[in-house]
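Peer 1: no sequence on this one, just coordinates:
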């Protein structure tokens, strides 16, 4: 088994160009192991650092097993700081090469994932292991969700809610208001599934989706809509999008669910509104949108296409609005009355 790991890591190191990387040290024993279930899918983490497991527990400790698959594997070791370690690491550079995906901050802090094998490995310094938010968002979650998205699901850039059990995907470009509308609906009693990332298992035919219902991430500008968020800490994120991250366990009135069945797909439009309304859209709009999924795996292309077409058999609408409460009320009517 060790020879296979050595060979796989050597190929990955050569492919992504980590010159001078010590392959022998990468396969040393990582004695700590734990099983997690991001989005309900099993993931086994091997490490030599309790800090890595503590960070993983923050990300996935509340998830329960939902799907019967062999565990994906993430091997992440921690080494001593080096003399030239920066105080603040840059956002890792993400690159694809065939079935390999790399997230590399520098030569001492990186994760490389084989999206066909469901195997990731990487190394980080002690300082990085102590930066829990950075470790979770840029390395742990990036590696795990990339493997899940390559082998188990299609990642959709959409929020998900279920008013009255009526599953809805809220779609739109970054800044369209998906997370804000989802949270506003959740405050009004809708079941909350996810904020801006929802996942479609491609081995099912029932339009069931899953999401991270255990947290809400909102832009810091959302305070103007939700005054109760005033004073909450801002979490740094990629691409210059700071956010307020709220564990839904801190919001006991929220109803949450890890999954729902989609009945309606709603494309949000807050910018070209002469008169608010809910307007039917053609199926091709949804197909074009969902086919932008970044990790479509050629090995499962047929199954992924079938799942997307099944999802697009839902009712599809454009919601034009400028008032948040009006939008909540209009989607509530759709859920109850069907129009």
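Peer 2: Right, received. Where do you want to start? Only a predicted model underlies this, so the values are computations on that prediction, with no experimental measurement involved.
Peer 1: pLDDT at the most centrally placed residue in the chain, what is it?
Peer 2: The residue lying closest to the centre of the chain (Cα atoms, centre = their mean) is residue 197, at 5.3 Å. At residue 197, the model reports a pLDDT of 92.
Peer 1: again, but for residue 322
Peer 2: At residue 322, pLDDT is 93.
Peer 1: wasn't it part of a strand?
Peer 2: No. Assigned with DSSP: H, G, I helix; E, B strand; the rest coil, residue 322 falls outside any strand and is coil.
Peer 1: mind listing what it touches?
Peer 2: 270, 273, 276 (Cβ atoms under 8 Å, 6 or more residues apart in numbering). Placement of C-beta: from N, CA and C, glycine included.
Peer 1: got the contact list for the first one?
Peer 2: By Cβ under 8 Å, 6+ apart, the contact list for residue 270 reads 176-177, 320-322.
Peer 1: quick one, phi psi at the residue nearest to the centre of the chain?
Peer 2: For residue 197, the backbone dihedrals (degrees, to the nearest 10) come out as phi -140, psi 120.
Peer 1: next: the one 10 residues further on.
Peer 2: As for residue 207, its main-chain torsions (degrees, to the nearest 10) stand at phi 60, psi 30.
Peer 1: residue 313 is in contact with that one, correct?
Peer 2: Yes. Taking Cβ atoms under 8 Å as the definition, residue 207 is a contact partner of residue 313 at 7.5 Å.
Peer 1: more neighbours: these two, which one.
Peer 2: residue 207 (19 against 12; other Cβ atoms under 10 Å).
Peer 1: that older thread, the contacts of residue 322 in helices, which ones?
Peer 2: Judged by DSSP state H, the contacts of residue 322 include no members of helices.
Peer 1: circling back: what residues are bridge-paired with the residue nearest to the residue nearest to the centre of the chain when sequence neighbours are not counted?
Peer 2: Nearest residue to residue 197, sequence neighbours excluded (Cβ to Cβ, 6 or more residues apart in numbering): residue 155, at 6.4 Å. Listed beta-bridge partners, residue 155: residue 199 (assigned using DSSP bridges).
Peer 1: count of residues packed around residue 155?
Peer 2: With other Cβ under 10 Å as criterion, residue 155 counts 20.
Peer 1: OK, contacts around residue 109?
Peer 2: Taking Cβ under 8 Å, 6+ apart, one finds 89, 92, 122-125, 128, 139 in contact with residue 109.
Peer 1: mind putting the residues you listed in CSV, secondary structure and neighbour count included?
Peer 2: As requested, the contacts of residue 109 are arranged in CSV below (DSSP: H, G, I helix; E, B strand; the rest coil; neighbours: other Cβ atoms under 10 Å):
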residue, secondary structure, neighbour count
89, coil, 20
92, coil, 20
122, strand, 21
123, strand, 21
124, strand, 27
125, strand, 20
128, helix, 24
139, helix, 27
